[in-house]
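In: sequence first, then the predicted structure, then my questions.
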Amino acid sequence: MSVELSPMILAIFLPLFGAIVAFLMPRMAALIGLGTLAMTTGAVIWLAHEVLVTGAVVLPLGGWGAPLGIDLRADGLSVAMLTLTSAVGFLVSIAALDSLKGADQVRQRQYFWPLWLLLLTGMNGVYLSTDIFNLYVMIEVIALAAVGLTVLSGSRAALQAGLEYMYASILGALLFLMGVGFVYLQLGRLDFAGLSGAAPTGALVAALALIFVGLALKTALFPLHFWLPAAHANATAPASALLSGLVVKAALYIVLRLAQYMPFPSENLLTLVGLMGAGAVIWGGVQALRAERLKLLVAWSTVAQIGLIFVAFARAGELGLTESWKAAALLILAHGIAKAAMFLAAGRIKDEIGHDVIRDLDRTPIRPTLAQFTFALAAISLIGLPPSLGFIGKWALMEGAMAAGYWHWVAVTMVGTLLSVAYFSRVFAGFLRFDRVRAPVGEHQGWALADAAPLTLALMAIGLGLLAAPLLSFLEIGYPFGVAP
Amino acid sequence: MVELAAAVLIATGTLFFIAGTVGLLRFPDIFCRLHALTKADGLGLALIALGAALLAGTPGAVFRIVLIWFFVATASATCGHLVARYARQSGAGGGAP
Amino acid sequence: MTPDLIYGLTGIAVFGIGLVGALCAQDRLRRVLALKLCSVGAGFLLVVGAWREPPATPDPVPHALVITGIVVMVSATAVALALIRRLQTLEATDER
Amino acid sequence: MTDPLMIFDLLLALAIVALAVASLSVRDLFSMIVLFIIFGLLSALAWVRLSAPDVALAEAAIGTGVTGALLLKTLHHLRYVSGTLGQQTALGVTPVAPVPMGIILANAGFCGLITLGLLVAFLGAPATGPGFDALVAEAMPQSGVEHPVTGVLLNFRAYDTLMEVVVLLAAVIAVWQIERGLSDAPAPVMGEVWQGFARLALPAIVVVGTYLLWVGAEAPGGAFQGGAVLAAVGLLLLLTRAYIPQPAHRGVARGAFVLGTAAFALVAILVAGGGRVAFEYPLEHAKTLILLIEGVVTLSIAVTLAALFHGREPVALSEGGRHDT
């Protein structure tokens, strides 16, 4: 009885079985976790090959076909997100091996792996799904696993932040579910093919608005961002790298995917989205300037970068929507890699220096370590200096805005870049000891293995900028905009 | 004929329920209210169950109705006891020694 | 005034009340309860969408979706309540 | 002459909305939970009126029963930990930095706007969307079960149901990770009558739960409703202290949690082959496969919901310890 499995099924079921086995055998959880991640990366590479060769791949689960059953669909964008998730996830897992090895971290070590693998199952499920109710269930899988990871450290601040995050993500998911209810009420079907080309009537506009507000709450877009800084700053280093680098991307991906299928009803709705993004860029930047602790600064820069992604989304108005999703996708990939590297580096810096208060970073005796160098590299991609992927994303954003004559979005991007330079230079000043106290510089710290993962991620964030052209052409494979798959 | 009997039974059952609710609202302390609730509603439920059993077609449905009546009766008796026991212990019963 | 209209309006009213509770309530338990009200409201809407005129049987797919929604909501509530219990314990030990 | 049932619908609808408002506005937490439980039961009744018996069963058993038990347990824990066990009313703990009144009113206005928008959109929508009726009716013969909702849950949209059981598994893993050690708010001792009632009710609940699971193939019922009723067995065992979770039982408990997900996922994968896709049960085995999955998932749901009620991993204080980070 030969069992032929499509790579899409493997990409979802491998992490699920990994989570089950890791939960059953807590002592070997790390080994099982890494093995599962290696296999999942293999499945994603196999899927990427298939998509490269045959274009978009569709798998009707249970053989029932779209409206009745659920289809899994892999095209350029979803495979790019899958690759981002498994690559960043694999490196963060290697870093987690080191940062959770403390004698008193028995519980954290046991529970990090099943929760992280369930998170991976949820994210891979989101990137391959074409049914909006299936997206709702996947969002809940991600939400529960992410809250589990946020409160892994067990401190009172982490629990308080985890509870706020829980409220925000349940409320976001329920708004999404109400939107699904209205889509069913209007169209009588729940899959993406049914959404494309549907006339925007009252119920559908209400459904679209509800779904967007729900997703804005989950991606922490500006007015609804209150839960993110505390949750990401108080989590353990690997957990916050996963939360900031990957979890937020799932909701952003759904916004991109729905915008490709659901017609945007009007121009001023799009400018509203852009304004919310602009607000996030400015408010995130200002708050990052005022942040006391390193991880809080990095969390606020996530809020700002997400705002920028929504600005990229709204940059060329209604007509430019067919192009602007590519700029948003590039920025998502760049932010995912660089932010994971930065959070891991921040965790390493805290381990070495003992604290992460920005003001007295320069009072420590040790000379700049590899972790601080990695932090700087990741900052380059986040600020958007060439040749990093962040630069390519920002350039695509500004190019589209200039072509469509929306100069105000270019101004917002410039202000965002300036603010990010400002708050990152606060940290670099501490690293390189330019000002105030001339602390005696001690002996050089050896390079620890734990720095390997963040360094690789940071170098990837910069190196990928050179591969932008093939990456862009890969993103366009099986591109469904406006056309039913 | 059977419908008429069932209607009468269900009507009287509802009357008992109303009596129980009025008792709940009017009686001064917790023990009298418990008394009203468990007694009146228990009888009301029995009458309504009997009426429903008359209307129910298959013997299976009748058996399920009897099962329902049995469980609700035992559950309400136990809950009445528990509430009274808690009230006596924490002295919230209001006046009862 | 068919049943689906009456209960559709109820569902939206309950969703609105839950939303107000979720955003404005100060007590932790009350916010969890308000979110559960939102989920019942959303469930109402799906079941109302599935209702058909009496001779025809209702559409089974939204019923399955609401059952899935209920089980998902109970697991989210359980995690939120576990967080609240843990916070209560930590706050009590800190005060003592 | 207006249809008498319409009056009943109007009254029920008013009662449901009134209970929702009351449960959020009453000050005492215990009455809030009681009002919420009544709200849940009445909304289950409303769903029966909308001819959705499966959903009514699930809402009554899981949405109101298990959620109500969890809320009461958390309230008991709050009063026990804050030492106000004797007090009559347990008022909500207002956080140390209360949100200013302005923001609350702004939020309330924002929600009112959203609800108004929904109302307009709902009234504007066509009465009955096209829906899946025809598709389901035509595909039911190949689904292996007679009852359409079970067919949708376990065959047409089986992927959703698998992921829903994964959500339950994620919940129990997160709860076990948050709380550990022995319960510091032990269940109150409730006397002999209660023990007698539990001894009487336990076998009956097991029979009713299994019946609900079995009847799911032909009539309203199925894995989730049966699982919730069987979870009541676990709750009763925990409340009557007939079973106090031991650290040694953790292995068995972990096995029971993952059993449902693992069996469902394995069946879904192993059928893929020889021209079939994942989740595509061969027609002749469809009924047996679905019943196998339902049985295992029910057992797994019952144990998971009971563990969620117990709310902590039973770890011996020495190994896990209260103060381990």
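Out: Here it is on my side, so go on.
In: for residue A:216, give me its contacts.
Out: If you count contacts by Cβ atoms under 8 Å, 6 or more residues apart in numbering or on different chains, residue A:216 has them with A:172, A:224, A:276. Any C-beta I mention is one placed from the backbone N, CA and C, and that applies to glycine too.
In: closest to chain D among those?
Out: residue A:224 (10.8 Å; Cβ to the nearest Cβ).
In: let me see the mean pLDDT of the longest helix along chain B.
Out: Secondary structure of chain B per DSSP state H: the longest helix is helix B:59-90. Mean pLDDT, computed over helix B:59-90, is 88.
In: quick check, that helix touching chain D?
Out: Yes - Helix B:59-90 comes into contact with chain D (Cβ under 8 Å from any Cβ of the partner chain), by way of B:71, B:74-75, B:78, B:81-82, B:85, B:90.
In: residues of chain B that sit close to chain C?
Out: Going by Cβ under 8 Å from any Cβ, none of the residues of chain B are near chain C.
In: give me the buried subset of the residues of helix B:59-90 next to chain D.
Out: B:78, B:81-82 (16 or more other Cβ atoms under 10 Å in any protein chain shown).
In: now the element after the helix or strand of chain A with the lowest mean pLDDT, going C-ward?
Out: When the helices and strands of chain A are scored by mean pLDDT, DSSP states H and E, helix A:192-195 comes last with a mean of 82. Sequence-wise, the next helix or strand downstream of helix A:192-195 (DSSP states H and E) is helix A:202-219.
In: what's in contact with the next helix or strand after that next one?
Out: Toward the C-terminus, helix A:202-219 is succeeded by helix A:228-234 as the next helix or strand (DSSP H and E). Contact with helix A:228-234 is made by A:150, A:153, A:155, A:157-158, A:160-162, A:164-165, A:220, A:240, A:243-244, A:248, A:287, A:293, A:295-296, A:298-300, A:302-303, A:343, as judged by Cβ under 8 Å, 6+ apart.
In: cutoff 7 Å now
Out: A:150, A:155, A:157-158, A:161-162, A:164-165, A:220, A:240, A:243-244, A:293, A:295-296, A:299-300, A:302-303 (Cβ atoms under 7 Å, 6 or more residues apart in numbering or on different chains).
In: so which of those residues are also by chain B?
Out: Checked against chain B using Cβ under 7 Å from any Cβ of the partner chain, the contacts of helix A:228-234 yield no neighbours at all.
In: pull out the buried members of those residues.
Out: The neighbour count (16+ other Cβ under 10 Å) marks A:150, A:158, A:161-162, A:164-165, A:220, A:240, A:243-244, A:293, A:295-296, A:299-300, A:302-303 as buried among the contacts of helix A:228-234.
In: contact partners of the host helix or strand of residue D:37?
Out: Per DSSP H and E: residue D:37 is located in helix D:29-49. Helix D:29-49 is contacted from outside by C:3, C:7, C:10, C:29-30, C:33, C:40, C:47, D:9, D:12, D:15-16, D:19-20, D:22-23, D:26, D:55-56, D:59-60, D:63-64, D:68, D:71-72, D:75, D:90, D:92, using Cβ under 7 Å, 6+ apart.
In: filter these down to the buried ones, ChimeraX style.
Out: The buried subset of the contacts of helix D:29-49, as determined by 16+ other Cβ under 10 Å, is captured in ChimeraX by this line:
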select /C:3,7,10,29,30,33,40,47 /D:9,12,15,16,19,20,23,26,55,56,59,60,63,64,68,71,72,75,90,92
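In: which residue packs closest to whichever residue of the stretch 101-250 of chain A sits closest to chain B, ignoring adjacent ones?
Out: Across the stretch 101-250 of chain A, the shortest distance to chain B (Cβ to the nearest Cβ) belongs to residue A:163, at 30.6 Å. Spatial nearest neighbour of residue A:163, chain neighbours left out: residue C:83 (4.6 Å); criterion: Cβ to Cβ, 6 or more residues apart in numbering or on different chains.
In: the one you found is in contact with residue A:164, isn't it?
Out: No - counting by Cβ atoms under 7 Å, residue C:83 sits too far from residue A:164 to count as a contact (9.8 Å).
In: look up how far residue D:230 lies from the residue of chain D found nearest chain B.
Out: Taking Cβ to the nearest Cβ, chain B has its nearest neighbour within chain D at residue D:197, 4.1 Å off. Look at residue D:197 and residue D:230: by Cβ to Cβ, to the nearest Å, they are 18 Å apart.
In: next one: residue C:52
Out: 33 Å.
In: which of these two has more neighbours?
Out: The neighbour comparison of residue C:52 against residue D:230 (other Cβ atoms under 10 Å in any protein chain shown) goes to residue D:230, with 24 against 15.
In: is it correct that the more buried one falls within a strand?
Out: No - applying DSSP: H, G, I helix; E, B strand; the rest coil, one finds residue D:230 to be helix, outside a strand.
In: state the pLDDT value of it.
Out: As predicted, residue D:230 sits at a pLDDT of 92.
In: just residue D:98 next, same as before
Out: 68.
In: what residues does the stretch 201-325 of chain D have near chain A?
Out: So far as Cβ under 7 Å from any Cβ goes, the stretch 201-325 of chain D lies against chain A at D:254-255, D:258, D:261-262, D:265, D:269-270, D:272-274, D:276-280, D:320, D:324-325.
In: just the buried residues of these.
Out: Looks like those have D:254, D:258, D:261-262, D:265, D:269, D:272, D:277-280, D:320, D:324 buried, using 16+ other Cβ under 10 Å.
In: could the residues you listed be laid out in CSV, adding secondary structure?
Out: Below are these laid out as CSV (three-state DSSP):
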residue, secondary structure
D:254, helix
D:258, helix
D:261, helix
D:262, helix
D:265, helix
D:269, helix
D:272, coil
D:277, coil
D:278, coil
D:279, coil
D:280, coil
D:320, coil
D:324, coil
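In: same list, the residues you listed, but as CSV with distance to chain C and pLDDT please.
Out: Below are these laid out as CSV (distance: Cβ to the nearest Cβ, whole Å; pLDDT from 0 to 100):
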residue, distance to chain C, pLDDT
D:254, 17, 91
D:258, 15, 93
D:261, 13, 94
D:262, 18, 94
D:265, 17, 93
D:269, 21, 88
D:272, 22, 82
D:277, 20, 81
D:278, 19, 82
D:279, 14, 84
D:280, 18, 85
D:320, 14, 41
D:324, 14, 34
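In: in TSV, list those residues along with distance to residue A:458.
Out: Shown next, in TSV, are these (distance: Cβ to Cβ, whole Å):
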residue	distance to residue A:458
D:254	38
D:258	37
D:261	37
D:262	38
D:265	36
D:269	38
D:272	40
D:277	41
D:278	38
D:279	41
D:280	45
D:320	37
D:324	33
